[in-house]
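Chemist: Mind folding the following:
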Amino acid sequence: MQIFSCDQCGHPVFFENVQCLHCGSSLAFVPERVAVTAIEPVPPGEAQALAEGGGSGDPPPALWQARGTPTDGQAQRYRMCQTHALHQACNFTVSADDPNPLCISCRQTSILPDLSIAANRPRWIRIETAKRRLLYTLLRLGLADAHGSEGPVYQFLADLPGEPPVMTGHANGIITLNVAEADDDERMRRRVQLFEPYRTLLGHLRHESGHYYWDHLVRDEPQRLAAFRQLFGDETVDYMQSLQAHYAAGDQRADWKPNFVSAYAAAHPWEDWAETWAHYLHMVDLLETAASYRTRIVLPSADGAQPSRPADPFGDKHSSFDEWIAQWVPVTLLLNSLNRSLGQEDAYPFALSERALHKLRFVHEMIAAHAARAKADPAPANDGEAQPVQVAAAPAYSTGVDTATQEPA
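Modeler: Purely as a prediction, here's the structure:
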């Protein structure tokens, strides 16, 4: 993700910041701007007039505006997300005329873990932080909009004694995540158990979002589905049997590297797509970060030094997918070398084959086609009606491997 700058003083600020440490300005992420913005309270008289115009007898929430807003009364006004007010756990704004108290990210979560259990609150906060980072990338790619009118629904559940374990997965537009994944030790245990080189909260959410968008970008489009099957294989192959065969092989399967982005991608065409989708999101996010810092990488070569300056995949309209791929390798080499310098494992422990790159290109083309279609025919704004958020006393159901529907995990 890019580094932002404070509108007031120009000092660097970051995606999760709520205050500029240099000038003290309050900060918030404004979805309509897709940017971290310096904000200030709406003047009291104007705020009171806006509250009276709302017609509600309840005490009005504090209203904010971008710093330096003209006093003509025409500028956009905002509230902070209710999650910020209740838990100090979100820095997204909500349009002042939106009846939903939650921001476009928090309103996507339909079930929370039981927050009266002390360990669940920090888990939930860490997961929501990763979800907002995913949403930022989806906004930049044109896969989501600032009104919250499209995107998956999330359920964050905890295992309970005597109940089936909560399986992370996607089914029918709902992404379920076991909140234990927010604990570093548990996530590492599962990573070792499943022979995975990489396992993060953001990686989970990116992967599961791939299943959601396969349903929306590929499944019901005959030409796209045919092209998908040529590259990824036949998704009607029994999912349960494929997954069982994958896990039975453990870490002994060595034939995946020429064709897949990861070993798990070889389990089934659905997983191949979701893993490739996640890697595409890794790529555009990391390239945007490198471009934001104006990174210049010079790799030694037998033919002499080869300089590379990553392009912003969102801001540089003249860059192409081929250029992104050419820049991606030097960036990952630098990233992994920096990690090794600190005694850490590689942050991106993958080397992509030619066929895996063809699959990445297919994902890129699907996203670009969707963005072009959405630009030509914008989705209507969400009516903003608040949907109740449930607090789970027990898992509503277990997603993941479902032998009845064969939904992908």
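Chemist: Isn't H211 up against P269?
Modeler: No: look at H211 against P269 with Cβ atoms under 8 Å: they stay out of range, at 11.6 Å. (Glycine included, C-beta is placed from N, CA and C.)
Chemist: partners of the longest strand belonging to the chain in the sheet?
Modeler: For the chain, the longest strand by residue count, based on DSSP state E, is strand 35-41. With DSSP bridges as the test, strand 35-41 is paired with strand 26-30 (antiparallel), strand 64-66 (antiparallel).
Chemist: Just give the number of residues close to the closest residue in space to H246 that isn't next to it in sequence.
Modeler: Nearest residue to H246 in three dimensions, chain neighbours excluded: A267, at 3.7 Å (Cβ to Cβ, 6 or more residues apart in numbering). The tally of other residues near A267 (other Cβ atoms under 10 Å) stands at 24.
Chemist: which residues touch A267?
Modeler: A267 makes contacts with 242-243, 245-246, as judged by Cβ atoms under 8 Å, 6 or more residues apart in numbering.
Chemist: My guess is S110 contacts F156. True?
Modeler: No: applying Cβ under 8 Å as the test, S110 and F156 come out as separate, 9.3 Å apart.
Chemist: Low-confidence stretches in the stretch 1-150 of the chain?
Modeler: Residue ranges of the stretch 1-150 of the chain with pLDDT under 70: 45-59, 71-74.
Chemist: what about 80?
Modeler: For the stretch 1-150 of the chain, applying pLDDT under 80 flags the ranges 44-60, 69-75.
Chemist: which residues of it fall in helices?
Modeler: 44-54, 82-87, 120-141 (DSSP state H, counting those that start in this stretch).
Chemist: Is it possible to get CSV of the ones you listed that adds mean neighbour count and distance to A290?
Modeler: Shown next, in CSV, are these (neighbours: other Cβ atoms under 10 Å; distance: least, Cβ to Cβ, whole Å):
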stretch, mean neighbour count, distance to A290
helix 44-54, 13, 41
helix 82-87, 17, 30
helix 120-141, 20, 15
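Chemist: Let me know which of these is the nearest to A171.
Modeler: Evaluated over the helices of the stretch 1-150 of the chain, closeness to A171 peaks at helix 120-141, with 17.7 Å, by Cβ to Cβ.
Chemist: what's the next secondary structure element after that closest one?
Modeler: Following helix 120-141 in sequence order, the next helix or strand is strand 153-157 (DSSP states H and E).
Chemist: now for that next one, which elements pack on it?
Modeler: The contact analysis (3 or more Cβ pairs under 8 Å, 6 or more residues apart in numbering; DSSP states H and E) places strand 153-157 against strand 109-112, helix 120-141, strand 174-178.
Chemist: Pairing partners for it, with directions?
Modeler: strand 109-112 (parallel), strand 174-178 (parallel).
Chemist: Pick the most buried one from those.
Modeler: Mean neighbour count (mean count of other Cβ atoms under 10 Å) peaks for strand 174-178 among the strands paired with strand 153-157, with a mean of 24.
Chemist: Alpha carbons of that one, in CSV - could you do that?
Modeler: Provided in CSV are the C-alpha atoms of strand 174-178 (Å, rounded to 0.1, in the frame of the first residue of the first chain):
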residue,chain,number,x,y,z
ILE,A,174,-19.9,-15.5,2.9
ILE,A,175,-16.3,-15.6,4.0
THR,A,176,-15.8,-17.3,7.4
LEU,A,177,-12.6,-16.9,9.4
ASN,A,178,-11.6,-18.7,12.6
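Chemist: What's the mean pLDDT across that strand?
Modeler: Averaging pLDDT along strand 174-178 gives 97.
Chemist: before we move on, what about stretch 272-286?
Modeler: In the prediction, stretch 272-286 has an average pLDDT of 97.
Chemist: could I have it exported to CSV, CA atoms only?
Modeler: Taking C-alpha atoms only, stretch 272-286 is exported to CSV below (Å, rounded to 0.1, in the frame of the first residue of the first chain):
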residue,chain,number,x,y,z
ASP,A,272,-5.6,-22.6,-8.1
TRP,A,273,-7.7,-19.6,-9.0
ALA,A,274,-7.9,-18.3,-5.4
GLU,A,275,-4.2,-18.7,-4.8
THR,A,276,-3.4,-17.0,-8.1
TRP,A,277,-5.9,-14.2,-7.2
ALA,A,278,-4.2,-13.7,-3.8
HIS,A,279,-0.8,-13.5,-5.4
TYR,A,280,-2.1,-10.9,-7.8
LEU,A,281,-3.3,-8.8,-4.9
HIS,A,282,0.1,-9.4,-3.2
MET,A,283,1.8,-8.1,-6.4
VAL,A,284,-0.2,-4.9,-6.9
ASP,A,285,-0.1,-4.0,-3.2
LEU,A,286,3.7,-4.5,-3.0
